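Peer 1: Model the structure of this input:
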Amino acid sequence: MSGHTALTPTKTLAENCKVRIPNESAEYRRARTALLAEEIELRRHIERVAEMRRALPPGAPMKDYRFIGENGPVSLEGLFGDKQSLVVYNYMYGPQRERPCPMCTSLLSAWDGEAQDIMQRTVLAVIARSPIERLVAFKKERGWRALKLYSDPSQEFSRDFHAVGENGEDWAGLHVFTRRDGTIRHFWSGEMDFSTADPGQDPRGAPDLMPLWTVLDTTPEGRDPKWYPKLDYGR
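Peer 2: All right, here's what the predicted structure looks like:
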């Protein structure tokens, strides 16, 4: 969506929509049309934010961090493969944890189904502080097939990118790097945390990268701020 393109007002688009639900009331249609206009505006705002993100100036040059992958040692540059962009997720599964973070695991389980598609355009790498053997064992337990997992044995990357708290606890993070003309640079990181959260809400990015919450947001119950996904539901 270009900022120079004249767009039809969202109210007009919503009023022109022909979708109707059997037996709906006039009251419902009025409210739904007003909501549709806001949904169209939200879609446009998401694209405006994406345009601003794509227009960021060149980021800081990166050191060549070292990791251990399923096939052995690899550098940050090596993670790129034949792509020019790299998406890294900091997985909350440090060596001090008996089990990984359920919320991270829920997100990554959804991404595993999309990973092959994502990696047609960019590289997706999951980095955690636990030894690679632990990560691979949990990957098999969870049934992940496409995600690429890496251990950060020195924890240098994890500390530089805010994945380790003051008391050694894990923090999740999403980061994007680019490789242009032989130089690897930081491009963007998610920076929403507890300091940016609104009252009564957990800190989360926008748009939310977890399909779980996106689906629940369409229901009348919505999100329960006291409910979180589990690693196992006793099946």
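Peer 1: Assign the residue nearest to the spatial centre of the chain to helix, strand or coil.
Peer 2: What sits nearest the mean C-alpha location of the chain, by C-alpha atoms, centre = their mean, is residue 209, with 4.0 Å. What DSSP: H, G, I helix; E, B strand; the rest coil gives for residue 209 is coil.
Peer 1: next one: residue 201
Peer 2: coil.
Peer 1: Relative to residue 200, how far out is the residue nearest to the centre of the chain?
Peer 2: 21 Å (C-beta to C-beta, to the nearest Å). Where C-beta positions appear, they are placed from N, C-alpha and C, glycine not excepted.
Peer 1: Which of the residues in stretch 203-217 are classified as buried?
Peer 2: Going by neighbour count (16 or more other C-beta atoms under 10 Å), the buried part of stretch 203-217 is 204, 210, 212, 213.
Peer 1: now, which of those residues sits nearest residue 14?
Peer 2: Of all the buried residues of stretch 203-217, residue 14 sits closest to residue 213, with 24.4 Å by C-beta to C-beta.
Peer 1: in what helix or strand does the closest one lie?
Peer 2: For residue 213, the host element (DSSP states H and E) is helix 211-216.
Peer 1: thought residue 81 was touching residue 123?
Peer 2: Yes - at 5.8 Å, residue 81 and residue 123 qualify as touching, with contact defined as C-beta atoms under 8 Å.
Peer 1: how about the helices in this protein?
Peer 2: Using DSSP state H, the helices assigned to the chain run over residues 10-16, 26-54, 76-79, 102-118, 132-142, 156-160, 211-216.
Peer 1: So, low pLDDT: which residues of this protein?
Peer 2: Across the chain, the ranges flagged by pLDDT under 70 are 1-4, 192, 194, 196-197, 235.
Peer 1: show me the contacts for residue 148.
Peer 2: For residue 148, the contact set (C-beta atoms under 8 Å, 6 or more residues apart in numbering) comprises 69, 70, 115, 123, 124, 125, 126.
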